[in-house]
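> Okay, predicted coordinates and the sequence, questions at the end:
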Amino acid sequence: MTAADLRASLQHDLIDRWFPACVSPDGGFHQEFDVQFRPLPTEGRMIIFQARMTWVCATLGMDDDAQHGVRYLRDHLWNANRRAFRWTPEREDEYHAYAGAFAIYGLAAAGALDLAAEAFHGLEALYDPEFGGYFECMDSSGQVLLNPVGGKVSDGIGTPLGQKSQNSLLHLMEAFTELYTVWPDPLLRARLAELLDWFRGRLMNPAGGQFGFSTREGVGIPGSVSYGHDIEAAHLMLAAGDVLGVDCLAEAVTLGENVLAFGWDEVHGGTFFSGPPGHVADRRFKNWWVQAEALLGFAILATRTGDQRFARVAARQWDWIRQHQIDSKFGGWHENVSEAGVPVIARKGHSWKAAYHDGRALLFTARLLDDPKHAELFQAGA
C-alpha cells in the first residue's frame, strides 16, 4: 500500500468515473448510475448526495464543481424561513439534523461560510438544552418530533422517534469539526466539545463498541454494533479532539480494537457489516462504505499509536478493496460483496452512494503515507 497506489485509484476508479458525468446542467449532481456507471434517466436530488459531492469537489480542489453544488444547496434545498435544509426540493415534512450536518460539511469545505454558519444556528432548533446533544428532526412547523404521529414511528434515517442516533451525532461532530477549522465560533466550539463528550462517554458500550441509539437522556439502547460507524467514530473523534486540544486516543483505540476483534475478517480480509456486542459478526457481507472507513480508521490509528496490528490490517484492508470492492471493469466500488468477495449486483450511484466515503478514505490515507515514517510503518506491518 503506497500513497501513489491510493491516488491512482482515486483518480481512475472514482474521479474519472464520476466526473464530469455527475455534474448536471439542470443543477446539482446526478445521483443514479447503473452497475456499468451509465447515468439512469429518472432520479431526483437528495440533500445527502448533493452535500457529499459538494464536499468531495471542494476537498479535491474542483472549485467550479464545488460552487455548482453550493448553488444547488442554497437555491433548491435551503428553507430560509425554517433555517434548515430539506431532504429533497419537494419534501417539506421533515427537517433532519443528519441532513443539516452534511450540508454544513459541504458548505464549510467549499468556503460558503455565511450559509454554513446560518445552518449551524438553525440547528439550535434541534438542540436539546436539558440533556445535551441533538434531537433528530422537526416537522414543517418547527415542532421537534419526539413521539409517533399519524402512523410515523421513525425518521428519515430510520431512528425511532424520541431516540437519538449515533449516526446523526457522529456526522454533526464531523461537520462541526470541518466548520470550526475555518470559523472558530465560541458556540460552535461548545457544541462540538459536547458532542465529543457524548462519544467518549454515553455512547461507549461496556459490552463492546458503541450504542447505535440512546434515549433522550443519553442512556444507550442495546443493539447491534455497526463496525463501520465505530471505526468511523474512532477517526472522527480524533479529528474533533485535534481542533479542540482534547486527547481522546484511548477511546478511539478501544473502538478500533473492538472492530479488530469482532468485525475484521482474518480469513478473507475486509470488514464485516455488524454483529452483537462482544461476539463475532452475524452480518458478514462487505459493504463499500464500511471498507472505506476501515481503511482510513485503521490507518489513522496505526499512525497515532505506532501499533503494527493496525498497520497490518489497514494494508490488508486495502488489498481487499483493490481485489474485491473495486470494479476493475466498469470502475467505482461495488456496493456490497459477499464474505468471500463475490459482487452483489447493484447501482454504482444513488442517493446514499456518492464518492464521499471511498474518496475520502483514499485521499486521506494517501496523505498519511506521504510521511516517510508512516510509509515505513505500513511496510513493516505488511
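Everything's here; your move. Residues are numbered from 1 along each chain as shown.

> in the protein, which segments are predicted with low confidence?
Low-confidence segments of the chain (pLDDT under 70): 380-382.

> Where do the strands of it begin and end?
Using DSSP state E, the strands found in the chain span residues 78-79, 84-85, 95-96, 137-138, 164-165, 213-214, 220-221, 225-226, 274-275, 286-287, 336-337, 343-344.

> who does the second one pair up with?
Sheet pairing for strand 84-85, assigned by DSSP bridges, gives strand 78-79 (antiparallel).

> which residues are contacting the partner strand?
Ala84, Phe85, Arg86, Glu92, Tyr95, Ala103, Leu115, Ala119 (C-beta atoms under 8 Å, 6 or more residues apart in numbering). C-beta here means a position set from N, CA and C on the backbone, and glycine is covered the same way.

> What is the burial count for the first one?
Pointing back at Ala84 there. Ala84: 26 surrounding residues under other C-beta atoms under 10 Å.

> what's the answer for the second one, then?
As a burial measure, Phe85 scores 28 neighbours (other C-beta under 10 Å).

> Without its sequence neighbours, what residue ends up closest to it?
Of all residues not flanking Phe85 in the chain, Ala103 sits nearest, at 4.6 Å (C-beta to C-beta, 6 or more residues apart in numbering).

> now swap in the fourth one and tell me
By the measure of C-beta to C-beta, 6+ apart, the closest residue to Glu92 outside its immediate chain neighbours is Ser140, 4.8 Å from it.

> Is that neighbour in contact with Arg82, as I believe?
Yes. Taking contacts as C-beta atoms under 8 Å, Ser140 lies within contact range of Arg82: 7.4 Å.

> Overlap in contacts, those two.
Joint contacts of Ser140 and Arg82 (C-beta under 8 Å, 6+ apart) are Tyr95.

> The residue nearest to Glu92: neighbour count?
By other C-beta under 10 Å, the residues close to Ser140 number 15.

> For the residue lying closest to Val149 once chain neighbours are set aside, give its distance to His76.
Computed as C-beta to C-beta, 6+ apart, the closest residue to Val149 that is not its neighbour in sequence is Leu161, at 7.6 Å. Per C-beta to C-beta, to the nearest Å, Leu161 is found 27 Å from His76.

> ok so, going back, quick one, what contacts the residue nearest to Glu92?
Ser140 makes contact with Arg82, Glu92, Asp93, Tyr95 under the criterion C-beta under 8 Å, 6+ apart.

> make it 10 Å
Residues in contact with Ser140 (C-beta atoms under 10 Å, 6 or more residues apart in numbering) are Asn79, Asn81, Arg82, Ala84, Arg86, Arg91, Glu92, Asp93, Glu94, Tyr95.

> Ok, Trp264 next?
Trp264 touches Tyr227, Ile231, Gly256, Gly270, Thr271, Phe272, Ala281, Ala294, Phe298, Val313, Arg316, Gln317, counting by C-beta under 10 Å, 6+ apart.

> From those residues, which land in helices?
Among these, the members found in helices (DSSP state H) are Tyr227, Ile231, Gly256, Ala294, Phe298, Val313, Arg316, Gln317.

> The fifth one against Arg316, yeah?
What it means is Phe298. Yes. Look at Phe298 against Arg316 with C-beta atoms under 10 Å: they come within range, at 9.1 Å.

> Against Gly209, how distant is the residue in the chain sticking out farthest from the centre?
Ranked by distance from the centre of the chain (C-alpha atoms, centre = their mean), the top residue is Gly150, with 30.9 Å. Counting by C-beta to C-beta, the separation of Gly150 from Gly209 is 34 Å.

> who's more crowded, Phe298 and Arg316?
Neighbours per residue (other C-beta under 10 Å) separate Phe298 from Arg316, with Phe298 holding more: 30 against 22.

> Leaving out chain neighbours, which residue sits closest to that one?
What sits nearest to Phe298 in space, not counting adjacent residues and going by C-beta to C-beta, 6+ apart, is Ala314, at 3.9 Å.

> quick one, what contacts the one you found?
Ala314 neighbours (C-beta under 10 Å, 6+ apart): 1, 294-303, 365, 368-369, 377-378, 381-382.

> Against Glu376, how distant is it?
Using C-beta to C-beta, we find Ala314 at a distance of 14 Å from Glu376.

> Pull up the overlap in contacts between those two.
Leu369.

> can you give me the helices for the stretch 101-250 of the chain?
With DSSP state H, counting those that start in this stretch, the ranges of helices along the stretch 101-250 of the chain come out as 113-122, 166-180, 186-200, 227-244, 249-258.

> picking that back up, quick check, the residue nearest to Val149 in contact with Asn147.
Yes. In this structure Leu161 lies within contact range of Asn147 using C-beta under 10 Å: 5.9 Å.

> Please say which of these two ends up with more neighbours.
Taking other C-beta under 10 Å, Leu161 and Asn147 do not tie; Leu161 has more neighbours (17 against 9).

> Now for the more buried one: which residues touch it?
Contact analysis of Leu161 by C-beta under 10 Å, 6+ apart lists 135-137, 144-149, 152-155.
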